[in-house]
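Asker: Just need the structure, nothing else, for what follows:
(one chain, ligands or ions: 1)
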Amino acid sequence: ALQCGIVGLPNVGKSTLFNALTQAGALAANYPFATKDPNVGVVTVPDYRLDKLEEIVQPQKTVPTTVEIVDIAGLIRGASKGEGLGNQFLANIREVNAIMHVVRCFDDGNVTHVDGGVDPVRDKETIDLELIFKDMETLEKRKQRLQKLAKALDRTVLRQLKIVEELIAHLEQEQPARSFDELDSEDDEKFFKELQLLTAKPIIYICNVDEASVLTGNEHTEKFKAAVAKENAEVILVSAAIEADIAELEEEEERKEFLADMGLEEPGVNRVIRACYNLLELITYFTAGEKEVRAWTIRRGTKAPQAAGVIHSDIERGFIKARTVAYEKFVELGGWKGAQEVGAMRQEGKEYLVQDGDLLEFMHNT
Ligand code: GDP
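Answerer: Residues are numbered from 1 along each chain as shown. The predicted model follows:
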């Protein structure tokens, strides 16, 4: 499964947020992999469309889809030199598909800051530098190997060497690999992916704020937003402490009241989870029968048979065709029957690229 890892300096609220996220996703606890590792949380993806489908289809049960979040605690200054458990943490980052970088934007004299005062811009740079150092190490090693091969004047090798050298220069400017824009061909892109650089991973920033600043932001979040403006990354404001409190409330009604008091429509963790989902380039399709209405996760750009394979490999193998209607149409026409009556259902074959929100029915022989 695709995973989103939480990184950040110590004491910025990562674990608090992780716990709130996983508690909010307690529904997912009956998944077999939910217990495999205490640092991996299987989190339910909130989706209002499921509620609507449930209303229309009235199934026996409704199953949301999930995403995995990994708590990568312990990244500190010097990690790339092996400080703390540096190498371990950097290896953990390599394994995740996207990064959620948490910065502290709350003032609280009781919570010590590892580097003195609250300064999210400096904190972010500290983490960035560790990741950049590690990537430089990766690139220097690669450069040496390519230089040995370059004597043969192989075009591919020479091109790769050029990319590596340009990347090193880019990182020396303290820029992450994700903002490198000298890739000219599919081969270039493929090689770049192969390098598995830490700073190439897609990223979102989470500003952990105090209760009063969730809606308005504060002086720290303003500075932070300005500092990352040209990165094109999403910045989300949440209060991890509040999210933890919300997650503790057992009654839906209590939670609603609590949120209303704060002027919020939904828990901040919902926004965080959806942002992760988007960052991982995941989309959702639905199956909707009397037994079960269910959301399924696929990568954007997945064709119908592979999408079916998420349900069961037999359906992928025996795939004949899919019948489908878009979510909006399905709701507008009041369900399968209505959609069929006006001929809104489409037949799609093996090459069909499944779209976010498709309702799907697979025909297969097994
Ligand atoms: P981590 O080291 O990044 O995982 O940070 P923790 O989640 O363990 O939080 C460190 C400390 O900050 C704990 O004492 C938390 O209770 C506190 N903390 C976390 N989030 C908030 C917040 O939003 N506001 C305040 N005031 N304290 C927080």
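Asker: for the chain, longest helix please?
Answerer: helix 120-150 (DSSP state H).
Asker: other SSEs contacting it?
Answerer: helix 86-95, strand 98-104, helix 155-172, helix 219-228 (3 or more CB pairs under 8 Å, 6 or more residues apart in numbering; DSSP states H and E). For glycine as for every other residue, the C-beta is placed from the backbone atoms N, C-alpha and C.
Asker: now do 7 Å
Answerer: Under the contact definition 3 or more CB pairs under 7 Å, 6 or more residues apart in numbering; DSSP states H and E, helix 120-150 sits against strand 98-104, helix 155-172, helix 219-228.
Asker: Close to the ligand: what parts of the protein are there?
Answerer: Residues of the chain lying close to the ligand by CB under 6 Å from any ligand atom are 8, 10-16, 73, 106, 108, 111, 208, 210, 239-241.
Asker: Pull out the buried residues from the residues you listed.
Answerer: Among those, those classed as buried by 16 or more other CB atoms under 10 Å are 8, 10, 12-16, 73, 106, 208, 239-241.
Asker: So what are the structural domains in the protein, by residue number?
Answerer: 3-47+64-116+202-279, 127-200, 301-364 (automatic domain parsing).
Asker: right, and Ile203 touches Ile99 too?
Answerer: Yes: using CB atoms under 7 Å, Ile203 makes contact with Ile99 at a distance of 4.6 Å.
Asker: now the domains of the chain as JSON lines including mean pLDDT?
Answerer: Output for these, formatted as JSON lines (pLDDT from 0 to 100):
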{"stretch": "domain 3-47+64-116+202-279", "mean pLDDT": "85"}
{"stretch": "domain 127-200", "mean pLDDT": "93"}
{"stretch": "domain 301-364", "mean pLDDT": "96"}
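Asker: Could you dump those domains into TSV with distance to Tyr285 added?
Answerer: Below are the domains of the chain laid out as TSV (distance: least, CB to CB, whole Å):
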stretch	distance to Tyr285
domain 3-47+64-116+202-279	9
domain 127-200	26
domain 301-364	5
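Asker: all helices of the stretch 251-366 of the chain, in order?
Answerer: Listed in chain order, the helices of the stretch 251-366 of the chain (DSSP state H, counting those that start in this stretch) span 252-262, 268-279, 304-309, 313-317, 327-332, 336-341.
Asker: how about the longest one: buried residues?
Answerer: Applying a neighbour-count criterion of 16+ other CB under 10 Å, the buried positions in helix 268-279 are Gly268, Val269, Asn270, Arg271, Val272, Ile273, Arg274, Ala275, Cys276, Tyr277, Leu279.
Asker: Bridge partners for the residue nearest to the first one when sequence neighbours are not counted, pull those for me.
Answerer: Translated: Gly268. Of all residues not flanking Gly268 in the chain, Val238 sits nearest, at 3.5 Å (CB to CB, 6 or more residues apart in numbering). When assigned by DSSP bridges, Val238 has beta-bridge partners Asn208.
Asker: and Val238, how many residues sit next to it?
Answerer: 24 (other CB atoms under 10 Å).
Asker: Quick check: it vs Gly289, distance?
Answerer: The gap separating Val238 from Gly289 is 36 Å, by CB to CB, to the nearest Å.
Asker: Likewise for Val63?
Answerer: 12 Å.
Asker: who's more crowded, the two?
Answerer: Val63 (16 against 12).
Asker: who touches the more buried one in this structure?
Answerer: Glu292, Arg294, Ala295 (CB atoms under 7 Å, 6 or more residues apart in numbering).
Asker: try it again with 8 Å
Answerer: Glu292, Val293, Arg294, Ala295 (CB atoms under 8 Å, 6 or more residues apart in numbering).
Asker: Confirm for me that Ile311 is in contact with Gly289.
Answerer: No: at 11.9 Å, Ile311 and Gly289 do not qualify as touching, with contact defined as CB atoms under 8 Å.
Asker: who has more neighbours, Ile203 and Ile99?
Answerer: A count of neighbours by other CB under 10 Å puts Ile99 above the other of Ile203 and Ile99, at 26 against 22.
Asker: how close does that one get to the ligand?
Answerer: 14 Å (CB to the nearest ligand atom, to the nearest Å).
Asker: Test my guess that that residue contacts Asn92.
Answerer: No: when contacts are counted by CB under 8 Å, Ile99 is not listed as touching Asn92 (11.0 Å).
Asker: so what sits against both of those two?
Answerer: Common neighbours of Ile99 and Asn92 (CB under 8 Å, 6+ apart) are Gly5.
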